[in-house]
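Enquirer: this one's sequence-less:
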Ligand SMILES: [Zn+2]
């Protein structure tokens with residue numbers, strides 16, 4: 001079977017928006033986690049206590065703000081977003097928010 005690249009056949013698990021093969025190729029949807037870039041950008045923009053995605057672990061006013069921690073088992077083994085999160089935090093994929101804000105989705 002051959003899928004036309006513009007058919008929106010796959011759904012984001014968070015927002016239920018549908019995406020195409022072209023969206024995947026363009027980085028608007030992550031096939032490994034079934035979550036779209038727009039949702040990841042929203043997760044990254046939320047405060048630490050609502051989403052740790054794409055943030056570093058930091059201490060602010062004596063409070064530990066949990067973000068990505070390569071030493072933590074949750075981050076290295078269990079989190080479904082661990083690969084993308086690590087890339088975002090390490091700067092290899094620092095474009096998640098930029099890409100979405102340009103599209104006006106935030
Ligand atoms: Zn989404």
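Expert: That came in fine, so what should we check first? Here the structure is a predicted model, which means the values were calculated and not measured. Numbering: from 1, shown residues only.
Enquirer: center of this structure, which residue is that?
Expert: With distances taken as Cα atoms, centre = their mean, residue 40 lies nearest the centre of the chain, 3.1 Å away.
Enquirer: and this structure, which residues reach the ion?
Expert: 12, 14, 15, 36, 39 (Cβ under 5 Å from the ion). Using the backbone N, CA and C atoms, a C-beta is placed for each residue, glycine as well.
Enquirer: most surrounded residue in these?
Expert: The most crowded member of the residues of the chain next to the ion, judged by other Cβ atoms under 10 Å, is residue 36 (27 neighbours).
Enquirer: Surely that one and residue 30 touch.
Expert: Yes: contact criterion Cβ atoms under 8 Å: residue 36 and residue 30 qualify, at 7.3 Å.
Enquirer: Which stretches in this protein count as helices?
Expert: Remark: helices assigned in the chain by DSSP state H are 21-25, 37-45, 73, 82-89, 96-103.
Enquirer: so which of these gets nearest residue 66?
Expert: If you check each of these against residue 66 by Cβ to Cβ, helix 82-89 wins as the nearest, at 12.0 Å.
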